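> Sequence first, predicted coordinates after that:
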Amino acid sequence: MRIFMLLLMVCAVSCTSKPKEKAKETALHQETTTKTTSEKTMEKGSIHQFTVKDIAGNVFKLADLKGKKVLFVNTASECGLTPQYEVLQEVYDTYKDKNFTIIGFPANNFGGQEPGSDQQIAKFCKANYGVTFPMMSKISVKGADMHEVYKFLTQKSQNGLQDSEVAWNFQKYLVNANGELEKVVSPQTLPNDESVLAWIEGK
């Protein structure tokens, strides 16, 4: 009789422990799957996938920027922040031979402050600020006609870092040597701000 009771107890323990073990295994699997899915969602994309046109109408492959840190900036010729062109040029001259460049995208999204043609913009930049860093053809940086490059820069689903909105002319996006977005800098922050220079220098 005692042996029979022992067998019943062993069977009961065995039957109750298996579902618990299975539940733990299921929970662990779900946690791992969720983590993996989350990691995939957060993977950073690269801006090197895009091809644009420069201000002279030539094809400009952003893949050619591999290995360089890049400051992307939307520009305008009739803005209170337009003198930042001079500072941008100074930063470009200082770091252009140190795996760094600046890419300017003229845009007329704010107050109609970039109304000119590509030719007029190029002439203005050269004559007034001696701009030699690469300038692209005029685009839209917000709204329904937002350029694909700026969709990448402003949408976390594409850049893997954060959602943002271009607040005004001369907002800066700092992209690393792999084409991944690393930092968003406000329009009012100068290109030679300590935080920007520290990023360029890798400090």
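Structure received. Numbering: from 1, shown residues only.
> only C-alpha atoms for contact and neighbour calcs from this point on.
Will do.
> Nearest the geometric middle of the protein, what residue?
Leu181 (2.9 Å; C-alpha atoms, centre = their mean).
> mind checking pLDDT for that one?
For Leu181, the model assigns a pLDDT of 98.
> for it, phi and psi?
The phi/psi pair for Leu181 (degrees, to the nearest 10) reads phi -70, psi 130.
> Return the set of residues that bridge with it.
Val175 (DSSP bridges).
> Could you do Val70 as well?
Beta-bridge pairing for Val70 (DSSP bridges): Thr101, Val175.
> show me what contacts it?
Going by C-alpha atoms under 8 Å, 6 or more residues apart in numbering, Val70 touches Phe100, Thr101, Ile102, Ile103, Leu174, Val175, Asn176, Ala177.
> I'd like to know which of those residues are buried.
Phe100, Thr101, Ile102, Ile103, Leu174, Val175, Asn176, Ala177 (16 or more other C-alpha atoms under 10 Å).
> right, and the fifth one touches Val184 too?
Yes. With contact defined as C-alpha atoms under 8 Å, Leu174 counts as touching Val184 (6.3 Å).
> Spatially nearest residue to Gln84 (excluding sequence neighbours)?
Take Gln84 and drop its neighbours on the chain: the residue closest to it by C-alpha to C-alpha, 6 or more residues apart in numbering is Leu190, 6.9 Å away.
> Could I get the contacting residues of Ala76?
Counting by C-alpha under 8 Å, 6+ apart, Ala76 touches Thr82, Pro106, Ala107, Asn108, Gln113, Glu114, Asn169, Phe170.
> what do you get if the cut-off is 7 Å, keeping everything else the same?
Ala76 makes contact with Thr82, Pro106, Ala107, Asn108, Gln113, Glu114, Asn169 under the criterion C-alpha atoms under 7 Å, 6 or more residues apart in numbering.
> Good, we can wrap up now.
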